[in-house]
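Colleague: Sharing a sequence plus its predicted fold:
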Amino acid sequence: MATKKIAVPTIIVGLSGIPVAIRIIGVQFLLVATVFILSFLFVGGVTTGNFLLIVIILGVIIIDLFITLIFYFDWMNKSYLIRPGSIVEKRGVLFRREETYACSNIEEIVLKQGILGRIFDFGSLRLYDPALKQSIYLTNIRSPHRYQSILRKEFMKPMENTGSRIILGQATQV
């Protein structure tokens, strides 16, 4: 008799592009400011006769392009997978790294959003599992309220009222 393989649902958490865009805009601003300052350090600004300034500006542009590509590829190659009983973080450009967190009983899920996060709907989640004795961070994710709800349903046990206090998980004798 053949055995059936049951498909385990996996949720891929989408990362927001806004934080990487902010970083890239910041780098571009620094590039423009550097070129502007350098052009005034040399009397006469940018001219064809000022070869050293042109070489420096081209160097700054190449460094800017390199930093922009690092930000972009770091963002493109990072993902979180929510599976029953675990969360997997995949990242890396040249060296792929995958960390799996076995989450049996998450006690706390904290959502952090700045002003831009509230406007553009992105943020970070911090999950605390006492079995791991550490927090798990899902940073710069798209629609964090949605994933907070999914994680609560998947990993948190319902709250039970024990009479004098409310605890997570199984009720204990008071």
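Modeller: Thanks, I have the structure now.
Colleague: from here on, contacts and neighbour counts on C-alpha atoms
Modeller: Noted.
Colleague: Tell me where this structure has strands.
Modeller: 11-13, 79-83, 86-91, 97-102, 108-112, 122-129, 134-142, 159-161, 166-168 (DSSP state E).
Colleague: Where does pLDDT dip in the chain?
Modeller: By pLDDT under 70, the weakly predicted segments of the chain are 1-9, 42-50, 157-174.
Colleague: Please tell me how far the nearest residue to E154 once chain neighbours are set aside sits from P130.
Modeller: Take E154 and drop its neighbours on the chain: the residue closest to it by CA to CA, 6 or more residues apart in numbering is P84, 7.0 Å away. The gap separating P84 from P130 is 18 Å, by CA to CA, to the nearest Å.
Colleague: can you count the residues close to C103?
Modeller: 21 (other CA atoms under 10 Å).
Colleague: report the longest helix in the chain, please.
Modeller: Ranked by residue count, the top helix of the chain under DSSP state H comes out as helix 51-76.
Colleague: by contact count, what packs against that helix?
Modeller: Here helix 51-76 touches helix 18-41, going by 3 or more CA pairs under 8 Å, 6 or more residues apart in numbering; DSSP states H and E.
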